[in-house]
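K.L.:
This is the structure alone, sequence omitted:
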């Protein structure tokens with residue numbers, strides 16, 4: 001799914017969107033866990049796409065609005081963010 005948020009689409013926007021789409025498609029594997037990608041430019045969501053499965057057992061697909069549980073990963077991300085302040 002490509003979202004342009006009401007912006008006019010320029011050739012350069014189409015180029016990077018095509019590049020991101022190609023990369024995302026290359027990462028997708030049938031019947032495997034997936035991921036979601038979002039690109040924000042100037043505070044606006046200009047691209048979002050989800051691929052793969054959210055739940056391999058049930059076959060539930062990921063879309064651009066899927067929620068992900070981050071569990072304890074947020075601790076490492078918070079620590080890294082704090083360390084960049086020093």
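P.N.:
Yep, it's here. All of these numbers come straight from a predicted model, not from anything done at the bench.
K.L.:
what ranges do the helices span in the protein?
P.N.:
11-27, 73-83 (DSSP state H).
K.L.:
Tell me which of those helices sits most buried.
P.N.:
Each of those was scored by mean neighbour count; the highest is helix 11-27, a mean of 12, by mean count of other C-beta atoms under 10 Å. The way it works is simple: take the backbone N, C-alpha and C, and place the C-beta from them, glycine included.
K.L.:
what helices or strands is that one leaning on?
P.N.:
If contacts are counted by 3 or more C-beta pairs under 8 Å, 6 or more residues apart in numbering; DSSP states H and E, helix 11-27 sits against strand 35-41, strand 44-51.
K.L.:
Of those, which is nearest residue 73?
P.N.:
strand 35-41 (13.5 Å; C-beta to C-beta).
K.L.:
Need the distance between the two termini of stretch 31-45.
P.N.:
28 Å (C-alpha to C-alpha, to the nearest Å).
K.L.:
Sorry, slip of the keys, the one I care about is stretch 26-38.
P.N.:
17 Å.
K.L.:
hang on, the earlier thing: could you point out which of the helices and strands packed on helix 11-27 sits nearest residue 26?
P.N.:
Residue 26 sits nearest to strand 44-51 of all those, at 10.2 Å, using C-beta to C-beta.
K.L.:
Can you mark which positions in that closest one are buried?
P.N.:
46, 47, 48, 49, 50, 51 (16 or more other C-beta atoms under 10 Å).
K.L.:
I'm done for today, thanks for sticking with me.
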